[in-house]
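# Sequence and predicted model, in that order:
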Amino acid sequence: MAPTGQAESGTMTVQSIDRAFQVLKALAIEPSGVTDLAQRVGLPKSTVSRMLSSLEEQGAVARAEDGAVYSIGMGLVELAGAVDATAALATAVRPHLVWLSDQLGEAAGFSVPTGYVIQYMVQVESPNPVQVRDYTGLMVPMHVGPSGLCVMAQWPKEEVGRYLSRPLEAYTSNTLVDPGRIEARLETVREEGHCWVHEEFAEGINSVAAPVLADGRGALGAIHVHGPAYRFPAKDRADAIASVVMDAAGRFSARTETA
């Protein structure tokens, strides 16, 4: 059992979050001053005032020029926009993934960067009876899988250095965690336009990815294909498979630039 102080602290934290959402919901309906907002959410005026001050520091709320009326801030607007944009990308990429899966007979997916991790946004299943698991929603460190490495290859040298200065987790005994070797690998990805990993992300799974690029915005994400190591890639087919994946990523990159 947690000590009483820790339990009370946890309760207060949850209560604060709940109250913050009450305030934000009310402001989303109608901008308000402190007194009116306190009445609408049923909280003390002093509590609402402190909460608005904290939310304003984070960009979640903003004050009008007169300083008396609060509304939803650009921080939340930008966050919502980023979520919408990612969802739109996941929808737009699906036809390309279906085509890839049909061409290669394996599962195809699309991943996007979130800080120092890569998130698997959408996956199209393989037509093969023996399939890999659906990784949709999974978040893994950038250096572990081919999608993350493709995104990292587009980073400035300084950002790569900051990432590699951190402890690097190994998902399998094959995961590459040596900073020097990862830097060399990223250079190869830049030159070749794709990345293969062999049982580095998960035992028994091989994967290949290519970056989805947009002018001035670097890598928006990566398209990948993965399958059981015993059959993927088929003998002497790695280069041909990578070419198909790069073709799909290139066509989707062109689409995002004109959207």
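Happy to help now that I have it.

# Show me the shaky parts of the stretch 151-259 of the chain.
Regions of the stretch 151-259 of the chain meeting the criterion pLDDT under 70 cover residues 215-217, 255-259.

# which residues of it fall in strands?
195-198, 205-214, 218-228 (DSSP state E, counting those that start in this stretch).

# Tell me which of those strands sits nearest to residue 70.
Distance to residue 70, taken as Cβ to Cβ, is lowest for strand 218-228 among these, at 34.0 Å. To be clear about C-beta, it is placed using only N, CA and C from the backbone, and glycine gets the same treatment.

# Mind splitting the protein into its structural domains?
The chain breaks down into these structural domains: 4-72, 82-258 (assignment by automatic domain parsing).

# Comparing these, which comes out most buried?
domain 82-258 (a mean of 18; mean count of other Cβ atoms under 10 Å).

# For residue 174, give me its contacts.
Going by Cβ atoms under 8 Å, 6 or more residues apart in numbering, residue 174 touches 197, 198, 199, 200.

# okay, stretch 162-169 in PDB with CA atoms only?
Taking C-alpha atoms only, stretch 162-169 is exported to PDB below (Å, rounded to 0.1, in the frame of the first residue of the first chain):
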ATOM      1  CA  ARG A 162      22.200  14.000 -29.200                       C
ATOM      2  CA  TYR A 163      20.200  10.900 -29.800                       C
ATOM      3  CA  LEU A 164      23.200   8.600 -29.900                       C
ATOM      4  CA  SER A 165      24.600  10.000 -26.700                       C
ATOM      5  CA  ARG A 166      21.700   8.500 -24.800                       C
ATOM      6  CA  PRO A 167      21.500   4.900 -23.500                       C
ATOM      7  CA  LEU A 168      20.400   2.800 -26.500                       C
ATOM      8  CA  GLU A 169      18.000  -0.200 -25.800                       C
END
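
# Other residues contacting it?
By Cβ under 8 Å, 6+ apart, stretch 162-169 touches 116, 141, 142, 143, 144, 152, 155, 175, 177, 179, 182, 183.

# Can you tell me which of those is nearest residue 91?
Closest to residue 91, out of all of those and judged by Cβ to Cβ, is residue 142, at 24.3 Å.

# What's the separation between the closest residue to that closest one other than its chain neighbours and residue 201?
Leaving aside its sequence neighbours, residue 142 sits nearest to residue 148 (Cβ to Cβ, 6 or more residues apart in numbering; 3.6 Å). Using Cβ to Cβ, to the nearest Å, residue 148 is found at 9 Å from residue 201.

# shared neighbours of those two, anything?
Both residue 148 and residue 201 are contacted by residue 140, under the criterion Cβ under 8 Å, 6+ apart.

# For the residue nearest to residue 218 when sequence neighbours are not counted, give me its contacts.
Of all residues not flanking residue 218 in the chain, residue 154 sits nearest, at 4.6 Å (Cβ to Cβ, 6+ apart). Residue 154 is in contact with 190, 211, 213, 218, 219, counting by Cβ under 8 Å, 6+ apart.

# can you rerun that using 7 Å?
211, 218, 219 (Cβ atoms under 7 Å, 6 or more residues apart in numbering).

# before we move on, what about residue 203?
Residue 203 neighbours (Cβ under 7 Å, 6+ apart): residue 172.

# now it: how far from residue 228?
11 Å.

# try residue 53
Separation of residue 53 from residue 228 (Cβ to Cβ): 55 Å.

# mind checking pLDDT for the closest residue in space to residue 63 that isn't next to it in sequence?
Computed as Cβ to Cβ, 6+ apart, the closest residue to residue 63 that is not its neighbour in sequence is residue 70, at 5.7 Å. Per-residue confidence at residue 70 stands at 85 (pLDDT).

# swap in residue 75?
So residue 75 comes in at 64 (pLDDT).

# Now for the closest residue to residue 223 other than its chain neighbours: which residues touch it?
Spatial nearest neighbour of residue 223, excluding adjacent residues (Cβ to Cβ, 6+ apart): residue 249 at 4.5 Å. Contacts of residue 249 were listed using Cβ under 7 Å, 6+ apart, and they are 210, 211, 212, 223.

# Many thanks, we can stop here.
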